[in-house]
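Asker: Predicted model and sequence follow; I will ask about them next.
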Amino acid sequence: MRNIKFEDLVKAIRDSVIEINCVPSPEQLKKYDLGIENEEITLSKQVLLSLKENALIAKDRMIPICQDTGTAVFFLEYGTNINIEGGFIYDAIYEGVRLGYQEGFLRKSIVGNPITRRNTGNNLPPIIHTKLVDGDSLNMVILAKGAGSENMSSLKMMVPSDGIEGIKKFVLESVRKAGPNPCPPITVGIGVGSNFEGVALLAKKALVKELFENTDDDLIKEIEVDLKMKLNKLNIGPQGFGGKTSVFDVCVLMEPCHIASMPVAININCHVIRHKKIVF
Amino acid sequence: MLLRTPIDKKVLINLKAGEDILITGTIYTARDSAHKLLTQLISEGKQLPFELEGSIIYYAGPAPTKPGEIVGSIGPTTSYRMDPYTPDILNEGAAILIGKGSRSNFVKAALLKNKAIYCAALGGAGALLASKVKSISVVAFPELGPEAIYKLEVEDFPVIVVNDLEGNDIYENH
């Protein structure tokens, strides 16, 4: 057994939720730069310049890049030979989120009941996906997921005859319909396969797949490259005002599925992905 | 184009879709829950927490204010969720609505009928937009937290006209 202290987990999670919401990654800034270089329309270029300026102001003053500091989503890879000293793993996550959102002056955006809609006041609960693994490793991917883009996501139980063209058509149609709403340039997470509940999770994981071990095959790469090219021809552009940069990235994950099914899910993220991997 | 509140609706005729505006003066935030409560008050004929005639309404819910700062990050939220409530708000005289993303056809019709315009602020630029806010205070529904109605004093707050009074829409006409 390997021991990890409960307080160390709490502190790392607290610090990470503040950091991902306030400090843009170097990769994020590069995405803006590339878009600024590619755009020809003045308004589209100006929008990207402002989005970059915003990210730098946030970093400088340690305030959130976007006021929607999101639902805290966790992907855990939890080694069965790990022992948390002084508490339970999910309690550590809850406490880290609570402290981070409170002490980092992040917005509390969770209501306790979807109908009566009273704010929980501490951004709890987070959403936690746990995968048990053999050994004594503990990896945690954290994503602060905004809802404007989440609302533009969709899932379709497609069938085998729809094939690759059916998948691409569904993605193009979904992103076209989302238009300016999810704060483009967006990242499109696409899940293909699994089953009804599994494919939604795949699409969410696709958004942060760069933080996991790369399992892309040639087919996945082909779909990503082709869709990115086609989506950037939709002329949605930064913030929907037109232009060549409608999407920053298209990320696909696939899993086996039933002989009768081909589930497809599309999870959309705004222009700024706020995520981090912590290895304990 | 520079605009100063209170807004005389007559000046809105000069503004075209795609045009940049800098707003100085008073604007009010209202998002999902505040819209629901405001339109309830309207339907019951009760007094509203602020004067809607000539007002600017900003679909936003700020992050908490950090010590030493004036306001937390405060970018726009997606506007279509306010669509069901918007005709009632416009009938009460609101002049400029600010959010992000496209509106339903019935909202566009209500904008034209009431000679009001819809503008977009930059989505995901809450830190930049916070630097244009000079003061913030709660006007109504403090129990809603970020969804309360806040009165903001802003200076050169940047927006882009989406739906103008000629029926143009920047999201469709580019």
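Answerer: Perfect, I can see it now. All values reported here derive from a predicted model rather than from experimental measurement.
Asker: Every contact and neighbour count from this point should use C-alpha atoms.
Answerer: OK.
Asker: where exactly do the helices run in chain B?
Answerer: Using DSSP state H, the helices found in chain B span residues B:32-43, B:86-91, B:105-113, B:126-130.
Asker: residue ranges of the strands in chain B, please?
Answerer: B:2-4, B:20-29, B:56-58, B:96-99, B:117-120, B:133-140, B:149-163 (DSSP state E).
Asker: Spell out which parts of the stretch 1-150 of chain A neighbour chain B.
Answerer: A:47, A:50-51, A:53-55, A:57-58, A:63-68, A:105-109, A:118-119, A:121, A:148 (CA under 8 Å from any CA of the partner chain).
Asker: Please list only the buried members of those.
Answerer: With neighbours counted by 16 or more other CA atoms under 10 Å in any protein chain shown, those contain buried members at A:47, A:50-51, A:53-55, A:57-58, A:63-68, A:105-109, A:119, A:121, A:148.
Asker: Quick one: neighbours of A:Pro114, just the number.
Answerer: The tally of other residues near A:Pro114 (other CA atoms under 10 Å in any protein chain shown) stands at 8.
Asker: show me the residues around it that make contact.
Answerer: If you count contacts by CA atoms under 8 Å, 6 or more residues apart in numbering or on different chains, A:Pro114 has none.
Asker: Mind pulling up the pLDDT for it?
Answerer: pLDDT for A:Pro114: 97.
Asker: Same question for the one 10 residues further on.
Answerer: Residue-level confidence at A:Leu124 comes out at 98, pLDDT.
Asker: With the one 5 residues further on instead?
Answerer: pLDDT, A:His129: 98.
Asker: Can you list the neighbours in contact with the strand or helix carrying it?
Answerer: According to DSSP states H and E, A:His129 maps onto strand A:127-133. Identification of contacts with strand A:127-133 by CA under 8 Å, 6+ apart yields A:Thr71, A:Ala72, A:Val73, A:Phe74, A:Phe75, A:Leu76, A:Glu77, A:Tyr78, A:Gly79, A:Thr80.
Asker: Next secondary structure after that strand?
Answerer: Criterion used, DSSP H and E; the element after strand A:127-133 is strand A:138-145.
Asker: for that next one, packing partners?
Answerer: helix A:6-22, strand A:71-79, strand A:275-279 (3 or more CA pairs under 8 Å, 6 or more residues apart in numbering or on different chains; DSSP states H and E).
Asker: hey, which of those is tucked in deepest?
Answerer: For those, the largest average neighbour count (mean count of other CA atoms under 10 Å in any protein chain shown) is found in helix A:6-22, namely a mean of 21.
Asker: between that one and strand A:275-279, how many degrees?
Answerer: Counting by axes from the mean of the first three to the mean of the last three CA atoms, to 10 degrees, helix A:6-22 lies at 160 degrees to strand A:275-279.
Asker: chain center to the helix or strand that comes right after helix A:6-22, what's the gap?
Answerer: Next along the chain after helix A:6-22, taking DSSP H and E as the criterion, comes helix A:26-38. Centroid separation for helix A:26-38 versus its chain: 18 Å, with CA atoms, centre = their mean, to the nearest Å.
Asker: Quick check: B:Ser55 touching B:Pro6?
Answerer: Yes: counting by CA atoms under 8 Å, B:Ser55 does reach B:Pro6; the two are 7.0 Å apart.
Asker: what's stretch B:123-133 in contact with?
Answerer: With CA under 8 Å, 6+ apart, stretch B:123-133 has contacts from A:50-51, A:53-55, A:57-58, A:63-67, A:183, A:239, A:270-272, B:70-77, B:100, B:152-158.
Asker: Let's see that with 7 Å instead.
Answerer: A:51, A:54, A:57-58, A:63-67, A:183, B:71-76, B:100, B:152-157 (CA atoms under 7 Å, 6 or more residues apart in numbering or on different chains).
Asker: do stretch B:94-112 as well
Answerer: Against stretch B:94-112 from outside (CA under 7 Å, 6+ apart): A:180-181, B:7, B:9, B:52-59, B:76-80, B:83, B:86-87, B:90, B:116-121, B:123, B:165.
Asker: mean confidence score for it?
Answerer: 98.
Asker: Report the buried residues of the helix or strand where A:Asp91 lies.
Answerer: Element membership for A:Asp91, per DSSP H and E: helix A:89-103. Using 16+ other CA under 10 Å as the test for burial, helix A:89-103 gives A:Ile89, A:Ala92, A:Ile93, A:Tyr94, A:Glu95, A:Gly96, A:Val97, A:Arg98, A:Leu99, A:Gly100, A:Tyr101, A:Gln102.
Asker: returning to that earlier point: take the helices of chain B and write them to a markdown table, including mean neighbour count.
Answerer: Shown next, in a markdown table, are those (neighbours: other CA atoms under 10 Å in any protein chain shown):
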| stretch | mean neighbour count |
| --- | --- |
| helix B:32-43 | 17 |
| helix B:86-91 | 21 |
| helix B:105-113 | 17 |
| helix B:126-130 | 27 |
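Asker: out of the ones you listed, which comes closest to A:Val208?
Answerer: Among the helices of chain B, helix B:126-130 comes nearest to A:Val208, with 23.0 Å by CA to CA.
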